[in-house]
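*Asks:* Mind folding the following:
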Amino acid sequence: MTINSQTFEKVVPRLSRRNFLLAIAGAGVTTALTTYGYNALFDIGSETRPETEQLVPFLGLHQAGILTPTPASALMVAFDTTANNKNELIQTFKVLTERIKFLMAGGTPPIIDPKFPPHDSGILGTKVYPDNLTITAAVGNSIFSDRYGLSQLRPKHLSEMPSFPNDELNPELCHGDLMLQFCANHAETNLHALRDIIKNLASSLVVRWKIEGFQQPNTLKGKNRTSTRNMLGFKDGTANLDTTDSKLMERNVWVKANTDEPSWATGGTYQVVRIVRNRVEFWDRTPLQEQEQIIGRKKDTGAPLGMQHEHDIPEYDRDPKGKKIRLDAHIRLANPRDSEQSLILRRGFNYSRGVDKAGQLDMGLLFACFQQDLEKGFATVQKRLNGEPLEEYIRPIGGGYFFVLPGVTNAGNYLGQTLLEA
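*Replies:* Residues are numbered from 1 along each chain as shown. Presented below is the predicted three-dimensional model:
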C-alpha cells in the first residue's frame, strides 16, 4: 500500500499528525515514510506545532537521524554488549527496537504498584513527548568478532578507527560495540531516552562513553536560513550535502544492493564520530586575519575569502596559487570541489565538558558524518587535512567508526535483523 493524494486528503482532516503516523505505521505503510518522504510530507506548517509534539517516524528504509533536519541537542553514547551469545544479542536488539519506537513516538508510561520501581524515570513528567527525537543505532567493528559468529558479515570498510597524526585519542572515549546517536529539540529528551534504554537493557548493554552536543537555535527559514557556528566562531556546515537531493544521497550516503558489501547492509551507511577538542584560549588570541586565512572564510559572513556570500562556491581553478584562499586553508583541503568521490554528509554539534587539570576549557566539535564508502569518504578527507594549519588549534580526543544498521520497514521487525538473521 502507498499513500496517494486522495488517501492523504481523507486521512489528515480526521487525524492529528502524530496519530496519522501511528495509524499508517500500524497498517504497514512504510513507502512514504522513508527518510526522503518525511520532510516533503510533513514539513508544511511544522513551525506552528509545539516543539515537544514534533514527531519523526521510526519506520522506513533508512533509520531516522541521518537525513532528518538537525535539532538543537545531541547525545552520542557508545555501549559494550555483555550478551553471552547470538540469541541473547538478538533479544537485546529486539528490546532496543521496542524502546526506540516508544521513545520516538511518545506516550504515557503505565502506572504500577508503587512498591515496585516505576517504568519511567519521570524526568519529563507523567507523559513522554516525542520532541523531534531520533535514536540512530550503529554497530562497531568489535561486534563482528567470533563471539557472536558475525566475523564473515563485517561491512567491507569497517575497522577500528585509527589514530591520525594530530590525534591524542583517549581510550576511554573511543570505539564500542554499539553507538546510539540521540537527537532532539531538548537535552532532557535525550537524557530521558538514554536512561530508559539503560534501565531496560541493563543485563546486556554497558555504557562505554558518552558526550552531549548542542548547536545554537536557528529560527530563520527558507533562503534566509543561516549556518550555525562552531566553538571557533565560524559558520559550520555551509558546504554540506543537500539532504533533499535523493540521487545525491543514493550516490554518497546509502549502501546499495548488488555491491561488494554484504547483502544485509543494504540501506545502511558508515558513520564516523569524532570528538575534536578546540584550543579556544589559543585561538582567541590569534589575529582575525590569520583565523580567516586558516579557515578560508570570513568570520562574520561565512563567505569564502574574496567573495560576498556564505554560499558562494569557491572557484579554485581561478586561484591556482592560493592568493585568495590559501592552498592549505581548511575549506580548500576538506572539499577541493574537483570530484564527488570524497563527499560526506556532516552532522556536527558543539560540546563543552568543563575544564581540564590545567584550567583549560574542554570544548570543541562533536563531529559525525555518514558515507557510502568509508575509505572514499572520511578517510580520504582526513588524509588531505593531515598537516593543515588548523591542527595547531584542534586536537581529536575520541570517537570511532560504526556502521548504521538499515531501517525497519515493518512493525514486526527489529533493528539489526538482516545482520543477525543473515
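
*Asks:* what's the span of stretch 138-153 from first residue to last?
*Replies:* End-to-end span of stretch 138-153 (CA to CA, to the nearest Å): 15 Å.

*Asks:* buried set for that stretch?
*Replies:* For stretch 138-153, the neighbour count (16 or more other CB atoms under 10 Å) marks 138-144, 147-148, 150, 153 as buried. (C-beta placed from N, C-alpha, C; glycine too.)

*Asks:* Find out how far that stretch is from the centre of the chain, if you would.
*Replies:* With CA atoms, centre = their mean, to the nearest Å as the basis, stretch 138-153 stands 22 Å off its chain's centre.

*Asks:* hmm, who's touching that stretch?
*Replies:* For stretch 138-153, contacts defined as CB atoms under 8 Å, 6 or more residues apart in numbering pick out 78, 80-81, 83, 85-86, 89, 154, 158-160, 175-181, 262, 264, 271, 400-405, 416, 419-420, 422.

*Asks:* Surely D196 and L103 touch.
*Replies:* Yes: using CB atoms under 8 Å, D196 is in contact with L103, at 6.1 Å.

*Asks:* Settle it for me: which of these two has more neighbours?
*Replies:* Neighbours per residue (other CB atoms under 10 Å) separate D196 from L103, with L103 holding more: 25 against 20.

*Asks:* and the gap between the closest residue to R154 other than its chain neighbours and Q181?
*Replies:* Spatial nearest neighbour of R154, chain neighbours left out: F144 (4.1 Å); criterion: CB to CB, 6 or more residues apart in numbering. Distance of F144 to Q181, computed by CB to CB, to the nearest Å: 20 Å.

*Asks:* can you check S263 too?
*Replies:* For S263 relative to Q181 (CB to CB), the value is 25 Å.

*Asks:* more crowded one of those two?
*Replies:* The neighbour comparison of S263 against Q181 (other CB under 10 Å) goes to Q181, with 24 against 12.

*Asks:* and the more buried one, that's in a strand?
*Replies:* Yes: assigned with DSSP: H, G, I helix; E, B strand; the rest coil, Q181 falls within a strand.

*Asks:* pull the longest helix from the chain.
*Replies:* Criterion DSSP state H: the longest helix present in the chain is helix 86-105.

*Asks:* could you dump that helix to CSV, C-alpha only?
*Replies:* Output in CSV follows, covering the C-alpha atoms of helix 86-105 (Å, rounded to 0.1, in the frame of the first residue of the first chain):
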residue,chain,number,x,y,z
LYS,A,86,23.9,-14.6,19.5
ASN,A,87,20.5,-15.4,20.8
GLU,A,88,20.9,-13.0,23.7
LEU,A,89,22.2,-10.4,21.2
ILE,A,90,19.1,-10.8,19.1
GLN,A,91,16.9,-10.3,22.2
THR,A,92,18.9,-7.2,23.0
PHE,A,93,18.2,-5.7,19.6
LYS,A,94,14.5,-6.6,19.8
VAL,A,95,14.1,-4.9,23.2
LEU,A,96,16.2,-1.9,21.9
THR,A,97,13.9,-1.6,18.9
GLU,A,98,10.8,-1.5,21.0
ARG,A,99,12.2,1.1,23.4
ILE,A,100,13.3,3.3,20.5
LYS,A,101,9.9,3.0,18.9
PHE,A,102,8.1,4.1,22.1
LEU,A,103,10.5,6.9,22.9
MET,A,104,10.3,8.4,19.4
ALA,A,105,6.5,8.2,19.3
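
*Asks:* got the contact list for that helix?
*Replies:* Under CB under 8 Å, 6+ apart, the answer for helix 86-105 is 18, 21-22, 55-58, 64, 81, 83, 128, 130, 133-135, 137, 148-150, 192-193, 196-197, 200-201, 204-205, 408, 413-417, 420-421.

*Asks:* Am I right that T189 is in a strand?
*Replies:* No: applying three-state DSSP, one finds T189 to be helix, outside a strand.

*Asks:* mind listing what it touches?
*Replies:* Neighbouring residues of T189 by CB under 8 Å, 6+ apart: 73, 124, 129, 131, 133, 182.

*Asks:* what ranges of the chain fall below the confidence cut-off?
*Replies:* 1-49, 217-226, 339-340 (pLDDT under 70).

*Asks:* for it, what spans make up the strands?
*Replies:* Taking DSSP state E as the criterion, the chain carries its strands at 73-81, 134-140, 178-184, 205-214, 269-278, 345-346, 349-355, 361-371, 394-404.

*Asks:* Put together JSON lines for those, with distance to P109 on each row.
*Replies:* Putting those into JSON lines (distance: least, CB to CB, whole Å) gives the following:
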{"stretch": "strand 73-81", "distance to P109": "20"}
{"stretch": "strand 134-140", "distance to P109": "17"}
{"stretch": "strand 178-184", "distance to P109": "18"}
{"stretch": "strand 205-214", "distance to P109": "20"}
{"stretch": "strand 269-278", "distance to P109": "30"}
{"stretch": "strand 345-346", "distance to P109": "35"}
{"stretch": "strand 349-355", "distance to P109": "28"}
{"stretch": "strand 361-371", "distance to P109": "30"}
{"stretch": "strand 394-404", "distance to P109": "28"}
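
*Asks:* of all those strands, which lies closest to G296?
*Replies:* Closest approach to G296 among the strands of the chain (CB to CB): strand 394-404, 15.0 Å.

*Asks:* which helices and strands sit right next to the closest one?
*Replies:* strand 134-140, strand 269-278, strand 361-371 (3 or more CB pairs under 8 Å, 6 or more residues apart in numbering; DSSP states H and E).

*Asks:* who does the first one pair up with?
*Replies:* If I follow you right, that is strand 134-140. Applying DSSP bridges, strand 134-140 is found paired with strand 178-184 (antiparallel), strand 394-404 (antiparallel).

*Asks:* what's the distance between it and the middle of its chain?
*Replies:* The chain centre lies 9 Å from the centre of strand 134-140; the measure is CA atoms, centre = their mean.

*Asks:* One more: stretch 203-210?
*Replies:* What separates the centre of stretch 203-210 from the centre of its chain is 19 Å, taken as CA atoms, centre = their mean.

*Asks:* What of stretch 412-422?
*Replies:* The answer for stretch 412-422 is 21 Å, by CA atoms, centre = their mean.

*Asks:* can you pull out the helices in the stretch 151-300 of the chain?
*Replies:* All helices of the stretch 151-300 of the chain, identified by DSSP state H, counting those that start in this stretch, fall at 187-200, 246-252, 280-284, 288-295.

*Asks:* any residues touching the last one, and which ones?
*Replies:* Same thing as helix 288-295. Counting by CB under 8 Å, 6+ apart, 232-234, 283, 298-299, 305, 326, 329-331, 389-390, 393 sit against helix 288-295.
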